[in-house]
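Enquirer: sequence-free structure coming up:
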């Protein structure tokens, strides 16, 4: 059984009543908070391993909680919110949230995202010496990419883009984060530029670029690389 402690931050009693037994059944210890202030205190005093955070809290916006936590903590944060606007998702992810799930949601999806976020924290943003995803092998030490023993030739920018996604495998990386990290702050809004490079990258690394399995699109938000096999 899993002994990780999960802090659920939501002011809706029905959500708390639903999540606590569901997460407990999955082996997690559950701590509850109904406000942003309670959430910040709970992270500081009860040392949870992950936070499930609603954005619509009675005392402050959930994005303020993210910004505050990221000032002193790298705890994984999974947003669980009824806000479905792309701008809200992008803002939360850019502030440092690890993932975003819309209400209504399935417990299976939520627990899968929790496991991914906890694994990522355990890796501390490092990636294995060798990564294998859908038959693609990435060797970050030698800066080599191959499939079936055959080298995949990437441009420096294509490789940097692939490696950045690999470092966050299983998590959404926003358009702005990809653009500013790979091309610099001046290109933060060059979405068309990014789409062209993602298209080129997929042509080289995917078995079927029209049905990508390695680099997946999160519409309006960014891209998510599949996790290592």
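Expert: Now that the structure is in, tell me what you want to look at. Here the structure is a predicted model, which means the values were calculated and not measured. Numbering: from 1, shown residues only.

Enquirer: can we go C-alpha only for contacts and neighbour counts from here?
Expert: Fine.

Enquirer: buried sites along the helix ranked longest in the chain?
Expert: Secondary structure of the chain per DSSP state H: the longest helix is helix 107-123. Neighbour-count burial for helix 107-123, counted by 16 or more other C-alpha atoms under 10 Å, picks out 110, 113, 114, 116, 117, 118, 120, 121.

Enquirer: ok, now how distant is the residue positioned nearest the centre of the chain from residue 181?
Expert: Nearest to the geometric centre of the chain sits residue 171, at 2.7 Å (C-alpha atoms, centre = their mean). From residue 171 across to residue 181, the span is 16 Å (C-alpha to C-alpha, to the nearest Å).

Enquirer: Next: residue 167.
Expert: Distance of residue 167 to residue 181, computed by C-alpha to C-alpha: 12 Å.

Enquirer: Domain map for this protein?
Expert: As given by automatic domain parsing, the domain ranges for the chain are 5-123, 131-225.

Enquirer: what's the distance between the first one and the middle of its chain?
Expert: I take that to be domain 5-123. 12 Å (C-alpha atoms, centre = their mean, to the nearest Å).

Enquirer: what is the rounded mean pLDDT of that domain?
Expert: For domain 5-123, the mean per-residue pLDDT is 90.

Enquirer: Sketch out the helices for this protein, chain order is fine.
Expert: 13-25, 36-46, 62-70, 86-95, 107-123, 156-167, 175-182, 191-205.
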